[in-house]
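>>> structure, please.
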Amino acid sequence: MPGYGDSPLVEVVATAQGRVAFLNHVLQELGMRRPVLISPSMSGRFALPFLLAQGDQLAGFVPIAPVGTKDYTAEQYRQVQTPTLILYGDRDTSLGPQALQNLQHLPRHHVAVVPSAGHACYLDKPEDFHRALLGFLHQLK
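Modelled structure (predicted):
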């Protein structure tokens, strides 16, 4: 992601609107129509504003203890109609519960907690993570 890790800071992603435009551009370049957006941790800075601005372009949303959930109001979340699977590890005592507290206002959400897994639950318990993810994907139209 631009501006994270060793990637250079890119001015266009300095704002939420810029991050929405960037993610929209990536999806268009990949030719993706109505993808399921999976958003672990830091990618929440890109995925959450995209969800709120253009969630109707997504078939589903899977936030995995994303950062930035406190940046939006319950009312903003209530406007989103994208099917969502809120996913986190039960040993993630910080971002997981915080994300749940904020994202539970999404009207079409389900919650899956991966047992004995930390913040990167997809690495700690990949089979449990994939079972929850595939269950969600199979119920989407």
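
>>> what about the helices in the protein?
16-29, 44-54, 74-78, 95-103, 121-124, 126-139 (DSSP state H).

>>> list the buried residues in the last one.
It stands for helix 126-139. Within helix 126-139, the residues scored as buried using 16 or more other C-beta atoms under 10 Å are 128-129, 132-133, 136-137. Placement of C-beta: from N, CA and C, glycine included.

>>> which other residues reach it?
Under the criterion C-beta atoms under 8 Å, 6 or more residues apart in numbering, residues 36, 38, 60, 62, 83, 85, 87, 110, 112, 114-115, 117, 121-122 lie in contact with helix 126-139.

>>> could you measure from residue 6 over to residue 13?
With distances taken as C-beta to C-beta, to the nearest Å, residue 6 is found 15 Å from residue 13.

>>> looking at those two, which one has more neighbours?
Between residue 6 and residue 13, residue 13 has the larger neighbour count (other C-beta atoms under 10 Å), namely 20 against 4.

>>> would CSV of the buried residues of helix 126-139 with distance to residue 70 and pLDDT be doable?
Output for the buried residues of helix 126-139, formatted as CSV (distance: C-beta to C-beta, whole Å; pLDDT from 0 to 100):
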residue, distance to residue 70, pLDDT
128, 27, 97
129, 24, 97
132, 24, 97
133, 25, 97
136, 24, 97
137, 28, 97
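
>>> redo those as CSV? Include distance to residue 75.
Converted to CSV, these look like this (distance: C-beta to C-beta, whole Å):
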residue, distance to residue 75
128, 33
129, 31
132, 28
133, 28
136, 25
137, 29
